[in-house]
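[1] I need the structure of the sequence given here:
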Amino acid sequence: MDALTWVRQLLDALPPQMRDPVLFAVPFFLLLLVLEWTAARKLEELTDERSPAGAYQRRDAWASISMGLVSVATTAGWKFIALLGYAALFAYVAPWQLSATAWYTWVIALVGVDLLFYAYHRIAHRVRLVWATHQAHHSSEYFNFATALRQKWNNSGEILVWVPLPLLGVPPWMVFASFSLNLVYQFWVHTERIGRMWRPIEFVFNTPSHHRVHHGMDAEYLDRNYGGILIVWDRLFGTYAEEVFRPHYGLTKPVGTFNIWRLQTHEYVAIARDVRRASRWRDRLGYVLGPPGWAPAPSDAAPRPEPAAATESVV
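    Numbers count the residues shown, from 1 in each chain. Next up is the predicted model:
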């Protein structure tokens, strides 16, 4: 059974309003990944050296693909939980219910999801407990279509951040569909094969150039370019940075493994270790809710060894 047939059978088994657009896109994700990987290998053969642009490392790529496959199942589970809550909010709490056939409802859903994604994404890089759910996506030292599939398994934060939409009367299935379209869009920006685009597109939309900055571990690029589809949020809220040189990718403190379980969980372990070592409640809260890499000021606490796991964001 080929991938396209598998996706069609899975979609046929779901109610029409719950058929995730991401599943439709899976065969195209795989096709583009194979094409980019093949092109990278051909370029290496022609130049007789490893090309940094769009290069693939086999174990790294398979780790990304494996995390993406697991995330399909975990995301479905989180969405099912969210559906129960969203349906109740939409039916009993929302002051009105927007029509799913009206064009403006789709505008509210798509723009609302993108704005809330920006807010959540920014929080995920500035609050360590939320960063623990997101850091696996940034753990690769390569930037290619496989990296786009290196997704988190814990979507609890996104479930909470979408709550305003059903409260505004957006049908729950439209919230899920809009976020799936947002994710589909973000796949193509994970590549070094596309340079700068037409200036008006670069001004409004998230592009590969903008997203390379986001994945850079260089000091000039940290905490920048959080946008999903639109880059205008970064321009409006002061988190935009132009790509001025090729970024270096990965965590500022590499994990040094291709084990997908450890890639997903090592930051939770590091948080627990730091909380256990702390002697004051304010320090415990700092380790959990402070930014990645937070530590008590030297005057407040005795020096302690650096944690082995990566705890700083690469944005």
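[2] In terms of secondary structure, what does the strand or helix carrying Val72 contact?
    Using DSSP states H and E, Val72 sits within helix 58-88. Packing partners of helix 58-88 (3 or more Cβ pairs under 8 Å, 6 or more residues apart in numbering; DSSP states H and E): helix 21-47, helix 145-148, helix 156-161, helix 172-187, helix 260-277. (Each C-beta comes from the backbone N, C-alpha and C, glycine too.)
[3] Quickly compare those and say which is most buried.
    Among the helices and strands packed on helix 58-88, helix 145-148 has the highest mean neighbour count (mean count of other Cβ atoms under 10 Å), at a mean of 24.
[4] Which residues outside that helix are in contact with it?
    Around helix 145-148, the neighbours that count as contacts under Cβ atoms under 8 Å, 6 or more residues apart in numbering are 29, 32-33, 36-37, 56, 60-61, 64-65, 137, 140, 186-187, 189-191, 215.
[5] For Asp60, give its distance to Ala40.
    Asp60 sits 12 Å away from Ala40, going by Cβ to Cβ, to the nearest Å.
[6] Which of the helices and strands packed on helix 58-88 sits closest to Ala124?
    helix 156-161 (6.7 Å; Cβ to Cβ).
[7] Check which helices and strands that closest one sits against.
    helix 58-88, helix 103-126, helix 128-134.
[8] Looks like Ile201 contacts Thr207 (just checking).
    Yes - assessed by Cβ atoms under 8 Å, Ile201 is found in contact with Thr207 at 6.6 Å.
[9] And these two? Which one has more around it.
    Thr207 (22 against 12; other Cβ atoms under 10 Å).
[10] Give me the pLDDT value at the more buried one.
    Thr207 carries a pLDDT value of 98.
[11] ditto for Pro254
    Looking at Pro254, its pLDDT is 91.
[12] Please report how far Tyr240 lies from His137.
    For Tyr240 relative to His137 (Cβ to Cβ), the value is 20 Å.
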